[in-house]
Structures are given as C-alpha cells and as structure tokens.
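Visitor: Attaching a predicted model along with its sequence, questions to come.
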Amino acid sequence: MTSTSETLTHGLSKFHRLLVDQIRHEFTASQQYIAIAAWFDDRDLPQLARVFYRQSLEERDHAMMIVRFLIDEGVPVAIPGTGEIQNSFDAPRDLVALALRQEREVTEQFHLLARAAREENDYTGEQFLNWFLKEQTEEVAKMSTLLAVVDRSKGNLFDVETFVARDMPDTTGGDPTAPATAGPALTV
Ligand SMILES: [Fe+2]
Ligand SMILES: [Fe+2]
C-alpha cells in the first residue's frame with residue numbers, strides 16, 4: 001500500500017515535490033527551535049530563549065507560506081510530521097552551532113529548489129523562492145553573529161544575554177514582500 005503522501009506527490013513536477021518536502025523541513029526547523037528555546041529557558045537565559053521561541057514561529061510561518069502557495073497552485077498538500085529533534089546538549093555553544101548548521105542546510109535546500117524551478121521553466125516558482133533566498137541569507141548571518149558572540153563571551157552567558165537583549169529585538173510585520181501564509185501569519 002502506498003502512503004498518502006506518495007499518492008499525493010505522484011505526477012508532480014520535481015519543483016513541486018521538493019516544495020512539498022520543504023514543508024517538513026520548515027516544521028522540523030520550527031520544532032528544533034522550540035527545543036533550543038526550552039533548553040535556554042530552563043537554564044534562566046530568557047533572552048536566548050526569546051530569540052529561539054520567536055525563530056520557531058518564523059519557521060512555522062515559512063511552512064505555512066509554502067502551504068498557501070501549493071494550495072493556490074492547485075498542488076495537493078499533505079501536512080507532514082517532523083524529522084528527529086535534538087534535545088540533549090553539552091554546552092550553550094552546541095545549540096547555537098546546531099541552529100547555524102540548520103540554517104545552512106535550509107539554504108542548500110532552497111538552492112536545490114531554485115535549480116529545479118529554473119530547469120523546469122517554472123517562472124512563478126522562481127519568483128516565489130526569491131523571498132526565501134533573501135530570508136536565508138539573513139538567518140545564516142544572524143546565527144553566525146550569535147555564534148561569534150557566544151565564542152567571544154568565553155562562557156559568560158550574561159554578556160550574551162545583554163547582546164541579545166540589545167541587538168536582537170523581535171520585529172513583527174512591516175515586510176510587504178513576504179509571501180502570504182495559509183491562515184494567520186505570526187511574524188511577518
Ligand atoms: Fe525557514
Ligand atoms: Fe530559518
């Protein structure tokens with residue numbers, strides 16, 4: 001017996017199949033960020049926790065933007081579970097390093113998507129991806145900065161908390177170029 005998602009993706013373009021997979025990657029990122037946020041929260045590091053709780057909501061929005069796009073394109077959508085979530089860490093640096101690794105992986109995934117859209121002359125798809133490519137550049141930059149700050153703090157997490165409080169505020173709205181989400185957007 002074929003699974004529902006296999007049945008649904010049968011006959012789709014490579015671009016649309018990769019986009020269906022990307023829903024799962026975004027939800028996995030969202031869930032992983034909750035795990036990271038909860039770890040910091042549990043260790044009385046509220047600013048780091050805030051940044052990652054917030055990042056989790058952004059990833060959820062990304063997943064829901066893809067859901068919106070696929071529905072509008074008439075592509076059947078199956079809402080997936082997530083991949084494995086890491087919950088045990090040895091040191092604060094490991095969590096930020098994981099976040100950076102995750103953002104780099106997602107960037108790679110969007111490069112593959114962009115290549116598929118171009119190969120298949122899917123102009124609408126290429127245009128849809130532009131916002132995500134820009135977003136990935138920002139997210140990789142944000143996590144590299146945070147990792148550099150953690151390294152520079154030499155274990156003084158209160159310095160990191162001060163930096164995060166001052167330089168990483170939550171911003172909501174104000175991006176008219178963001179793709180629409182299915183249902184309410186939480187962060188754009
Ligand atoms: Fe994302
Ligand atoms: Fe991200």
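Guide: Cool, the structure landed. Ligands and ions are numbered 1, 2, ... in the order given.
Visitor: Look up phi and psi at the closest residue to ligand 1 within the chain.
Guide: Here the chain gets closest to ligand 1 at one residue, H62, 3.6 Å apart by CB to the ion. From N, CA and C alone the C-beta is placed, and that goes for glycine too. Per-residue torsions, H62: phi -60, psi -40 (degrees, to the nearest 10).
Visitor: Return the residues in contact with the nearest residue to it once chain neighbours are set aside.
Guide: Excluding the flanking residues, the one nearest H62 by CB to CB, 6 or more residues apart in numbering is E26, at 4.4 Å. E26 makes contact with E59, R60, H62, A63, I66, V106, according to CB atoms under 8 Å, 6 or more residues apart in numbering.
Visitor: Quick one: name the residues of this structure near ligand 1.
Guide: E26, E59, H62 (CB under 5 Å from the ion).
Visitor: ok, now with 8 Å
Guide: Taking CB under 8 Å from the ion, the part of the chain that reaches ligand 1 is made up of 25-26, 29-30, 58-59, 62-63, 103, 106, 132, 135-136, 139.
Visitor: Can you tell me which of those has the most neighbours?
Guide: Highest neighbour count within those: H62, with 28 neighbours (other CB atoms under 10 Å).
Visitor: re earlier: so the residue nearest to H62 is in which element?
Guide: Using DSSP states H and E, the element containing E26 is helix 14-42.
Visitor: Would you mark the buried spots in that helix?
Guide: By 16 or more other CB atoms under 10 Å, the buried positions in helix 14-42 come out as 15-37, 39-41.
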